[in-house]
Structure formats: structure tokens, C-alpha cells
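Q: just coords:
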């Protein structure tokens, strides 16, 4: 059963080495992410599942200790998804690289020195239908007596003229609805997110949030919104459920 969840944005700019001179602009978001992950640790889960958006090559499961890199962003920095397990376990799982969203999660967990429970990752694709996301979430929630989720994903990328998706007048309302749903742990609202609108607004978090909704169904968790902003024209939300 799901006992806790943390929702964090996944821009590589969260990593100070990637952000470079702009790093202080994300300090509040980083602090909120640390607070959300602390809620996960306090729940004392048996297992932590990290879910984030991924392109085709990064979709599917990723084992504890899987490697990610920020070299594609011009930074000589590698991370792992949680503590490294025995080498034979990694060898059996292969050396598939983490998608960027899970690499950011690995950096966050390393920053907070996560050691509370075993970790596994799951990369999900934007095209994954809501029904399937919800089903996958239900399966995750049933994996252990006490499951926690770290859910990575950004809201719309269309909040300003300089945003990656340019300005879309619908983006602010979409992000406000997402922020309210995540802050209130509103499972029904997350399940009902409009897939087509999310795609048009380049909201990469839609599928991971709906996985969360499936995992949280019946768990009766309460939520708290810890951060909500769009510093680069992209909506970033941090929330904690417990």
C-alpha cells in the first residue's frame, strides 16, 4: 500500500553544476524537494519507487544503483539511483542509462543520503494512456506493505513567450489545477487530467502523476503543496503526501 509520496520537478537545472551561474534561482525548489523526500523517509517505507517521464530508450524499469549522467548537459557529473547494490545485481540488470528525470531523482536522493529502503526506478512515456498509468500505479502500490513514491515531472512548458513551448494562454490555468490537485492529494482530479491538453502544453509530468493517482487510490493520504512557480516559463510543483 502507498504510505507516502513526494512530487518533484525534473529539470536538470535543479542540479547546481548544470545551472552554473543561475543555480541560486532554484534554491527554493531544491529545498522543497529535500523537504518532500524527508516526508518519504519519515514514512519508513519497505520500498521506494521513483517514476519519471522518459523517451523510448529510457522507458521501463531501472534497478537500484543504475547510473545516470549530466554529460549531455555539458557537466562531467554521474549519479546513481539510490545506493549501489552488489555489482552482480547491476550486471544482471544491464547498464542501461537512466533517463534525465530519473538522473535528477538520483541526484536528489544522493543529496539527502537516502538509505531508508530499497529503490527502483520506472521511466514512463508521454503517450501512455491514463487508464494504463492508473493500472501501473495500482500494481506499484500492491508491491509491498509500505510503498513510497518519488514522482518526477514538470507541468506546462508554455507559461511565457520565452518558454520552451512558447506562450499558451491555457497553461496557467492547467498548472493551477495541477498544483491544487497535487497539494490536496486529489486522486480523482489527477486521474481526470486531460491527456490531449497536457500534450499540447508539453506537461511531461502528466503520466507520472497519473501513476501516482493509481497507486494512491484508496490510501486516503493527505497532501501539502511545498513549492509552485514557473521561473523559466515551465511549471514546477513540489508536493508531499502522507
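A: That came in fine, so what should we check first? Predicted, not measured: the structure shown is a model, and the values here were computed from it. Residues are numbered from 1 along each chain as shown.

Q: how many other residues sit next to the residue nearest to residue 141 when sequence neighbours are not counted?
A: By the measure of CB to CB, 6 or more residues apart in numbering, the closest residue to residue 141 outside its immediate chain neighbours is residue 215, 3.9 Å from it. All C-beta atoms are positioned from the backbone trio N, CA, C, and that covers glycine. When neighbours are defined as other CB atoms under 10 Å, residue 215 has 31 of them.

Q: my guess is residue 215 contacts residue 45. True?
A: No - with contacts defined as CB atoms under 8 Å, residue 215 does not count as touching residue 45, sitting 11.9 Å away.

Q: joint contacts of the two?
A: Counting by CB atoms under 8 Å, 6 or more residues apart in numbering, the residues touching both residue 215 and residue 45 are residue 147.

Q: which helix in the protein has the most residues?
A: As assigned by DSSP state H, the longest helix anywhere in the chain is helix 27-42.

Q: which other residues reach that helix?
A: Residues from elsewhere that reach helix 27-42 (CB under 8 Å, 6+ apart): 4-9, 14, 48, 108-109, 111-112, 114, 116, 148, 150, 226-227, 229, 236, 238-242.

Q: show the average pLDDT along that helix.
A: In this model, helix 27-42 has a mean pLDDT of 97.

Q: and the strands in the protein?
A: Per DSSP state E, the chain has strands spanning 2-8, 47-53, 60-62, 67-69, 78-80, 119-124, 147-152, 223-229, 236-241. These are given in chain order.

Q: of these, which is nearest residue 210?
A: strand 119-124 (9.0 Å; CB to CB).

Q: pull up the pairing partners for that closest one, direction included.
A: Looking at strand 119-124 with DSSP bridges, its paired strands and their directions are strand 47-53 (parallel), strand 60-62 (antiparallel).

Q: can you give me the helices for the protein?
A: Along the chain, counting by DSSP H, helices occupy 16-19, 27-42, 87-93, 100-111, 130-141, 171-184, 187-191, 195-200, 206-216.

Q: pick out the shakiest of those helices, pLDDT-wise.
A: Lowest mean pLDDT of these: helix 87-93, a mean of 55.

Q: show me what the residue most central in space within the chain is bridged to.
A: What sits nearest the mean C-alpha location of the chain, by CA atoms, centre = their mean, is residue 152, with 0.8 Å. Judged by DSSP bridges, the bridge partners of residue 152 are residue 8.
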